[in-house]
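J.: got a sequence here, can you model it:
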Amino acid sequence: MASNIGNFFRRSLRRSSRKEGKQEAPAAESNSSRALQGKAGDRSSVLYSAGQFFFEYLVVVSLKKTSDGRYEPKITYQFPKRENLLRGQKEEEERLLQAIPLFCFPDGNNWAPVTDFTSETFSFVLTNVDGSRKIGYCRRLLPSGRGVRLPEVFCIISCLGCFGLFSKILDEVEKRRQISMAVIYPFMQGLRESPFPAPGKTVTIKSFIPESGTELIELTRPLDAHLEHVEFQALLQRLSPDLILHIFASAVLERRLIFLAEELSVLSQCIHAVAALLYPFTWAHTYIPVVPECLLDTVCCPTPFMVGIQMRHLERVLDQPMEEALIVDLCKGKIIRAVGDEEEILPIKLQNEMLTSLNRHNNNNNVHTPEQVNTLVSEAFVQFFVRIVGHYASHIKWSKNGPGTFQERAFCKAIASKTNRKFVKKFVKTNMFSLFIEDAEKSRIPQEVYFQQKITEYHEQKKHRRDS
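T.: Coordinates of the predicted model:
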C-alpha cells in the first residue's frame, strides 16, 4: 500500500504548470499536482465558515503485523461509515483512507510493543483532486492495559483549521479511550451534530461518561480566526529571532524549506507557525508538516516546498540529489544548509524592526500567555506586509461592472524606498502574491478583513503624526 501511494504521490509532484497568460519566475512556479497529498490548497480552501460540521471522519489507525514480522499501519475503526456514495465520491474516500495511515505513522514500520509511551499530538495536511484541503489532527497514544502494547493513532479528519480546538477534542477522546472505545462514539456523534462556532463563540457538547455522569464540554474558537491554527511559542522556543527571520525571508520568496526534528508534534507545530507568518498570504506549494518515510525523495522536487522530516533521516536527506534548500535543525536551533543570501532578502530597516519586536518578546517570555505570544509575533509580521504592500488596493483599476485589474508597475513605482521596492519587485512574482491579488480583483470588499483593518490603522497613525 505504501509503495503504491508513494509512486502516485511522486508522479503528481513532477507535474507542474504556470498560470495561463503569466510568465512566472522559477520561485513562483506552481505545483498543480492532483493527488491526495500534503500540499496547501487554493486560498478558498482555507476559509473556515461557522456552521459547518466539525469533522468528516474519526479513524483509529493501529499497527498490524505483516508476514515478514514488521508492522504496517491500518485503519481499524472509522466513524461515520458513509454509504450511498457516488462513484467519484467513493474513489475520493478510498484515496483519503489509503493515505491516512502513512501520515499517522510517518516514521516507518520498525515498531515493537512497549509498556510505556508518551502520547503526542500532531497534524498533517492533505489536498484533494478538487484543490480542497483536509487536515488530519492526530493523537498517538498507548491503549490502556497491562503488558507490552503497540501505540495507536486517533485521527480526526476535518476541512477546518483550528489546532487548539481539535487538541482539546483529542484530550476528550483520549480520556474516553482509557475507559472504553464504546464511550468515544456518543461523544463524537454529539460533536458531529453541533455546528462549528463563529470566531469568539462557544459550542457546548453534552457527553455521558460511566461513573462520572453527564459532562458539559465547552469548545471556544479564538476571536482572531487567523491565529487559531498556530502556536508561535513552539517556534520561539527552538529558534533565535535572527534565524526565524532568515526562514521567513526564504518562505516569502517561495524557496525550498526542510525542517528537522524527532518529535512529530514539534515538526507540525513549527511548520504551521512558519506558514502562519506569511499572513495575509498563503503558502501555495507542496506543504507536508511530517513527511512519511516512503516519501523522503520529495526533497528532490524542483519546485518550492515546505516539509518536516524526522531527524533520524538526516543522512538520507543530505544524500538526495536536491537543489538549493534551507535546512533547519529544530533540535539544536541552527541552520544546517542555506542558500547564503538570507540576510539580504528583506529590507534592512523593516528587518531590524521585526527583530526588535521578536527580541522584546524573548526578554519578557515568562509573562505572556500563548494567545498573547501569538498576537505579538503575528503583529510584527503583519506590520511588515502592511508597510510593504498595504497600498495594493489603490492600484486595482475597476471596470464598471466587471472585476478589477491590478496595476503592477504603478504599484511598485509608488514605493518610495529603493530597498523596499527592490524586494517588492521579487515578491510580486511569487505565487502567494498572485493568488492574493486574484482574490482582491474579484471584489471591492477585502477578503482578509484583519489585514485591511491593520492597513487602515497604519494610515490613520501616519495621518495623525503628520497633523500633530
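J.: please name the nearest non-neighbouring residue to G164.
T.: E228 (6.4 Å; C-beta to C-beta, 6 or more residues apart in numbering). Placement of C-beta: from N, CA and C, glycine included.
J.: who touches that neighbour in this structure?
T.: Applying C-beta atoms under 8 Å, 6 or more residues apart in numbering to E228 gives the contacts 161-165, 199, 221-222.
J.: cool, and Q78?
T.: 57-60, 97.
J.: let me know the secondary structure of T76.
T.: At T76, secondary structure determined by DSSP: H, G, I helix; E, B strand; the rest coil is strand.
J.: quick one: the strands in the stretch 1-150 of the chain?
T.: 16-17, 30-31, 57-65, 71-79, 120-127, 133-141 (DSSP state E, counting those that start in this stretch).
J.: same question, the stretch 301-450 of the chain
T.: According to DSSP E, counting those that start in this stretch, the strands that the stretch 301-450 of the chain contains are 305-310, 326-329, 334-337, 396-398, 404-406.
J.: dump those strands into a markdown table; add mean pLDDT as well.
T.: As requested, the strands of the stretch 301-450 of the chain are exported to a markdown table (pLDDT from 0 to 100):
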| stretch | mean pLDDT |
| --- | --- |
| strand 305-310 | 95 |
| strand 326-329 | 96 |
| strand 334-337 | 95 |
| strand 396-398 | 94 |
| strand 404-406 | 94 |
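J.: K349 contacts T419, doesn't it?
T.: Yes. Contact criterion C-beta atoms under 8 Å: K349 and T419 qualify, at 7.2 Å.
J.: which of the two has more neighbours?
T.: Neighbour count, other C-beta atoms under 10 Å: between K349 and T419, T419 has more, with 14 against 11.
J.: so what's the more buried one up against?
T.: Counted by C-beta under 8 Å, 6+ apart, T419 has contacts 347-349.
J.: picking that back up, next, format the strands of the stretch 1-150 of the chain as TSV and append mean pLDDT and distance to G108.
T.: Formatted as TSV, the strands of the stretch 1-150 of the chain follow (pLDDT from 0 to 100; distance: least, C-beta to C-beta, whole Å):
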stretch	mean pLDDT	distance to G108
strand 16-17	34	29
strand 30-31	31	25
strand 57-65	92	11
strand 71-79	91	9
strand 120-127	88	16
strand 133-141	91	14
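J.: of those, which is nearest K462?
T.: strand 30-31 (35.6 Å; C-beta to C-beta).
J.: quick one: buried ones out of the contacts of E228?
T.: Neighbour counting with 16 or more other C-beta atoms under 10 Å marks 161-165, 221-222 as buried within those.
J.: how about a markdown table for these, with distance to R312 added?
T.: A markdown table is the format used below for the buried ones among the contacts of E228 (distance: C-beta to C-beta, whole Å):
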| residue | distance to R312 |
| --- | --- |
| G161 | 29 |
| C162 | 30 |
| F163 | 25 |
| G164 | 29 |
| L165 | 31 |
| R221 | 36 |
| P222 | 35 |
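J.: closest one of the residues you listed to R255?
T.: G161 (23.6 Å).
J.: quick check: closest non-adjacent residue to the closest one.
T.: Nearest one to G161, counting by C-beta to C-beta, 6+ apart, is H229 at 4.0 Å.
J.: give me the distance between that neighbour and T118.
T.: Remark: distance between H229 and T118 (C-beta to C-beta, to the nearest Å) = 24 Å.
J.: mind listing what the residue nearest the centre of the chain touches?
T.: Nearest residue to the geometric centre of the chain (C-alpha atoms, centre = their mean): H272, 4.0 Å. By C-beta under 8 Å, 6+ apart, the contact list for H272 reads 123, 163, 229-231, 289.
J.: count of neighbours near G333?
T.: 12.
J.: so what's it up against?
T.: 238-240, 243.
J.: which among these end up buried?
T.: 238-239, 243.
J.: out of those, which sit inside helices?
T.: L243 (DSSP state H).
J.: TSV for the buried ones among the contacts of G333, including pLDDT and distance to Q372?
T.: Putting the buried ones among the contacts of G333 into TSV (pLDDT from 0 to 100; distance: C-beta to C-beta, whole Å) gives the following:
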residue	pLDDT	distance to Q372
R238	95	19
L239	95	19
L243	97	22
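J.: picking up where we left off before, which of the strands of the stretch 301-450 of the chain sits closest to R146?
T.: strand 305-310 (29.9 Å).
J.: elements contacting the closest one?
T.: In terms of contacts (3 or more C-beta pairs under 8 Å, 6 or more residues apart in numbering; DSSP states H and E), strand 305-310 is packed against strand 256-261, helix 264-276, strand 286-288.
J.: so how far is the last one off the chain centroid?
T.: Computed by C-alpha atoms, centre = their mean, to the nearest Å, the chain-centroid distance of strand 286-288 equals 8 Å.
J.: number the chain from 55, please
T.: Sure thing, new numbering starts at 55, so read that last one as strand 340-342.
J.: re earlier: and H283 and T172? which has more neighbours close in?
T.: H283 (22 against 9).
J.: element containing the more buried one, please.
T.: Using DSSP states H and E, H283 is not contained in any helix or strand.
J.: got the confidence number for it?
T.: In this model, H283 is scored at 75, pLDDT.
J.: do A470 as well
T.: 93.
J.: and it, how many neighbours?
T.: 7.
J.: and stretch 364-381, what's buried?
T.: Buried, per 16+ other C-beta under 10 Å, within stretch 364-381: 364-365, 367-368, 371, 376, 379-381.
J.: which residues sit in contact with the closest residue to L195 other than its chain neighbours?
T.: Nearest residue to L195, sequence neighbours excluded (C-beta to C-beta, 6+ apart): S173, at 3.9 Å. When contacts are counted by C-beta under 8 Å, 6+ apart, S173 is found next to 193-196, 228.
J.: filter these to the buried ones?
T.: 193-196.
J.: can you list those residues in a markdown table and add distance to I259?
T.: Below are the buried ones among the contacts of S173 laid out as a markdown table (distance: C-beta to C-beta, whole Å):
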| residue | distance to I259 |
| --- | --- |
| R193 | 17 |
| R194 | 23 |
| L195 | 21 |
| L196 | 26 |
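J.: identify, from the residues you listed, the entry nearest to L311.
T.: Comparing these against L311 with C-beta to C-beta picks out R194 as the nearest, at 24.8 Å.
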